[in-house]
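Asker: sequence below, structure please.
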Amino acid sequence: MPNRLAQETSPYLQQHAENPVDWYPWGEEALTLARTLDKPILLSIGYSACHWCHVMAHESFEDEGVAASMNALFVNIKVDREERPDLDQIYQAAHHLLARRNGGWPLTMFLTPDGTPFAGGTYFPKTPRHGMPGFTDLLVRIEAVYRSKRAEIDQQNASMVQALASHVPQANEGVTLNTHPLTQAAQALARTFDSTHGGLGRAPKFPHPYEFDFLLRQHAAGETGCLEMVTKTLSQMARGGVFDQLGGGFCRYSVDDEWTIPHFEKMLYDNGPLLALYSDAYRATGEEVFAKVATETAHWVMREMQAPEGGYFSSLDADSEHEEGKFYVWTPEQVRARLTPDEFGVVAPYFGLDQAPNFEQSHWHLRITQPLQLVAERTHRDVLACEALLDSARAKLLTERDKRVRPARDEKILTSWNALMIRGMARAGRLLQRPAWIESARRAVNFIATTMWRDGRLLATHKAGKTHLNAYLDDYAFLLDALIEMLQSDFRTEDLRFAQAVADALLEWFEDPADGGFFFTSHDHERLIQRPKPGFDNATPAGNGIAAYALQRLGYILGEPRYLAAAERTLGLYWPQLEEHPQALASLLAALAEHVNPTRVVVLRGPGKEVSGWHDELSVLYSPTTVVLAVPNGFPGLPAALTHPDSDHVNAWICEGVKCLPPLADKEAVRRLLADSG
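Answerer: Now for the predicted structure:
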């Protein structure tokens, strides 16, 4: 019989519905049972695209003997970290305190009935292996410790709660915000930059889109050395196997320094920011490869990740047929059989099929091993002819690959991750002048507005007709940022009103008016052992950084002091961290940069056709601290800050912070002004 997880919306939880483990979802029923029976809680946190989560499930949670021990000794709770990032943040932090090392997924924590962790780890094998204890033996030992050492556990728990509370930043007095962290962050990132292969640090290598967005901004502001780090990294990623050379889109990370072999899961939250970053890099440099990567990523999103109702799905699994990467890898014989000899003659040297296998010593994962110019010289062909052969070969291989057993798709729709993709699609659509991408983002906005927004509040997740869970800081902050991007791509008063409503709800339900900044959970959220205020960027940007950035921009657009003051309080709260570890707070650095040198807001007013023409020309400039809004004559429902006089010609009304210029009717003068991003 299926267990309780069969009724959940999360595909990850539903994957465990047939386990013999007596799983509970997180909730009062499980917590009350643990208190009533005085049983410890086994908390398992993962997500549907997680390879090692699948391994542990197959080894242990599907095993009758292991399940019998779990059921006898513990109250077992399974959590999808994507639906409950509040729980994941808390227990990852607790794991770090207990183990003195970073956690990950699956996260396996043992809690007292009040929810406080006293032991834990990540993946545990069923039997002892590689220095790790066997899971079955561990269960018995943990339960024995819980019974025999309650006094020590209670003392440790008190210290744990105190330590978690100390991680929440406190108010700072007398802070003077300045640009020093911007320079320090660029220097710190340069020290970790891999000048040979691009990226930050060594393997495993993650894409870090917000750090490279920051470096691109610093380049625009005149700081030397930053552009090279961005272009080297984006070029190497584009050539590597971390980018899907046939279908577009990026995998989660590379297991090697060269970006060759990825962890094959594809996450929405990576691809939205990377889509925006590659589009920005194209406009900043003119490098066509960046536009190509953005184009193929956007096409993948619309083809494989957008629901018929408009929202974006969450992820694609790393595994298919119980093997990681099986969907993506090839042998030369498989490729040769699908192509003409001329096509194979180009594809083999281009993708390295004429070299040794790079995946599990038996297969080839496609990555670009040499420029097409060299392939053309080697095969005595014209470069354009090689391009045509490569394009036709890629199309054939993609069609053939689509016949394989596909990785599972997590079809829950998360507000926060959708917002990251909306921002990416809207920005890329504007910068590359692709209206279909903007329309894709519009459909997702409409879905959130009609499905995820209820009675002036957001809900966090939707699946199969069910929308639920109190939304988090990231949902509000990321959506506000996305709506401001939509206003620049396709101005509508509905989006502006929605942005104001989201901003007001963000202030009402999440801001700490005493110390500044924003809690991750709302004021009426369930009481947990910690209430985080995240400032450091992780796989997704920090909610506080994006909240400060977006509120500040909306404040400058509308001339609304409440939004500007909340952003400034947030920057003040995190000032010690910005001084000590600025490279770890890239999203807050963007807000700081536009606080010290305020956002430039350009409002184009005039006849509709002419305004659109100006907007098309000006909005493709890489001017990262500029907001350009196209608002033609007679536009209804405008707030006072945008109600400039109608005119028979285009006027650009330009303000930098609270300083405004006389209207400009000379498009070239406006272009020159926007080109000055420093």
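
Asker: give me the nearest residue to residue 398, chain neighbours excluded.
Answerer: With Cβ to Cβ, 6 or more residues apart in numbering as the criterion, residue 398 has its nearest non-adjacent residue at 4.5 Å, and that residue is residue 246. All C-beta spots, glycine's among them, are computed from the backbone N, C-alpha and C.

Asker: check contacts around that neighbour.
Answerer: By Cβ atoms under 8 Å, 6 or more residues apart in numbering, the residues touching residue 246 are 366, 394, 397, 398, 401.

Asker: ok, now residue 587?
Answerer: Counted by Cβ under 8 Å, 6+ apart, residue 587 has contacts 210, 537, 541, 542, 544, 545, 546, 549.

Asker: so which of those residues belong to helices?
Answerer: Mapping the contacts of residue 587 onto helices (DSSP state H) picks out 210, 544, 545, 546, 549.

Asker: any chance of these in CSV, with distance to residue 565 and pLDDT too?
Answerer: Shown next, in CSV, are the ones in helices among the contacts of residue 587 (distance: Cβ to Cβ, whole Å; pLDDT from 0 to 100):
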residue, distance to residue 565, pLDDT
210, 24, 98
544, 15, 98
545, 17, 98
546, 17, 98
549, 15, 98
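
Asker: for these, which one is nearest residue 293?
Answerer: residue 210 (17.5 Å; Cβ to Cβ).

Asker: got phi/psi on the closest residue to the closest one other than its chain neighbours?
Answerer: Distance criterion Cβ to Cβ, 6+ apart; nearest residue to residue 210, sequence neighbours excluded, is residue 586 at 4.1 Å. Main-chain torsions, residue 586, degrees, to the nearest 10: phi -60, psi -40.

Asker: quick one, helices of the stretch 51-200 of the chain?
Answerer: For the stretch 51-200 of the chain, the helices defined by DSSP state H, counting those that start in this stretch occupy 51-56, 64-73, 85-99, 135-148, 150-166, 180-192.

Asker: nearest to residue 123 among those would be which one?
Answerer: Nearest to residue 123 among the helices of the stretch 51-200 of the chain is helix 51-56 (4.7 Å), distances taken as Cβ to Cβ.

Asker: and the closest one, how far out from the chain middle?
Answerer: In terms of Cα atoms, centre = their mean, to the nearest Å, the gap separating the centre of helix 51-56 from the centre of its chain is 22 Å.

Asker: and that helix, what does it pack against?
Answerer: Of the remaining helices and strands, none touches helix 51-56 by 3 or more Cβ pairs under 8 Å, 6 or more residues apart in numbering; DSSP states H and E.

Asker: please redo it, this time with the cut-off set to 10 Å
Answerer: Under the contact criterion of 3 or more Cβ pairs under 10 Å, 6 or more residues apart in numbering; DSSP states H and E, helix 51-56 touches helix 11-15, strand 41-46, strand 319-320, strand 323-324.

Asker: can I get the ones you listed in CSV with distance to residue 305 and mean neighbour count?
Answerer: Converted to CSV, these look like this (distance: least, Cβ to Cβ, whole Å; neighbours: other Cβ atoms under 10 Å):
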stretch, distance to residue 305, mean neighbour count
helix 11-15, 14, 22
strand 41-46, 21, 25
strand 319-320, 17, 18
strand 323-324, 20, 18
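
Asker: thank you, goodbye.
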